Each structure stands twice: as structure tokens, then as C-alpha cells.
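Undergrad: Following is a predicted model, sequence given first.
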Amino acid sequence: MSERMPHHREVQDLLVEQMRRDLSRPKWWTTIWGRLSIAGGVLAVAGAGVAGVVLLDERPVTETTIVHCLEGPYRNSDGTLSGASASVATPDGVVAIADAEAMCIQMWEGGAFEDNDPLSATPVPGVAPEEFTTCVTDDGEAAVVPGVIECSVLRLHPFQS
């Protein structure tokens, strides 16, 4: 005794018809939307490549009156550089800083980034990092970062010596 569900034949015919439609349907990449998707993907990859090259181009330090000494290899939550900026002032005005790395070493060793009381007469000295990376801001200012990093991580340009 073969008990089949009601309308067995009609359901089977509908399933066969659906399978035939699925097999005869064109592949997704041959449809107009598929081709547009492929073209959009190619443009997105090309755009990302161009953006990567623009961000990674080396630049020289052109603004030598200020140096950014970063506290760490990160930016603040508002997008500004972490740490402090420094320049040397004289009665004549601002003196160009020839060695940004030496300036930042002085700041790190002087405890500029330690948790000190600003009114303390004897601040706790800090420790300068053993390795650092010099990057360049969009304005041409030197930015010295502790550690060895890729400048593009901070949206900065590599230093062109």
C-alpha cells in the first residue's frame, strides 16, 4: 500500500519545472547586474590602489620650525596626533630644528609624557624609546613616532631624507 501525499503528481511536476528554470537561467556574471558588479569591484580595487599610493608617497620635511613628538603609534580619538609639539624659540624668532629625532629624545627623557604633576619642581624623568620612525605630516612637519611602524597607519607620509 503506497500512501502518497495528496497532489503528489502536481508537486513533482512543479519541482521539475523549477529545476529546469534554474538550470536554464544565465550565470550571474553574464547578466547586466553581474557585469556592473564586476566593473564596480574593479573600480573599487583600482581606487584603493591609487589611494594607497597617494598616502604612501615619501615627502621631505619642509616645515622645520616645529616637530611633533608622538606619545605612541596612535592618534587621539579626535584625529589629532598624540603627544606634544616642540620648537625652539629665540629672541629673533623661531629657530629651525635640524634634528627632529634628537629633539624628541630630549622630550621623552625629560618626562614630557610621564604622568607628572605640572607644578612639581622635580618631574620624574622618562625613558626614550630605542627605536623610532620619522614621518611627515601633510603640512610638511616632522612627526617622530616611538617604535618601527608604517607611517600610513597614522595617515602620515614616510620621511624622504
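TA: Looks like it arrived, so ask away.
Undergrad: Let me see the residues that make contact with the longest helix along the chain.
TA: For the chain, the helix that runs over the most residues, judged by DSSP state H, is helix 32-56. Helix 32-56 has contacts (Cβ atoms under 8 Å, 6 or more residues apart in numbering) with Lys27, Trp28, Trp29, Ser152, Arg155, His157, Pro158. Every C-beta, even on glycine, is put in place using the N, C-alpha and C of the backbone.
Undergrad: Can you tell me which of those residues has the most neighbours?
TA: Counting neighbours by other Cβ atoms under 10 Å, His157 comes out on top of the contacts of helix 32-56 with 22 neighbours.
Undergrad: what's the weakest-modelled helix or strand in this structure?
TA: Among the helices and strands of the chain, strand 93-95 carries the lowest confidence by mean pLDDT, DSSP states H and E, at a mean of 60.
Undergrad: helix or strand right after it?
TA: Toward the C-terminus, strand 93-95 is succeeded by helix 100-109 as the next helix or strand (DSSP states H and E).
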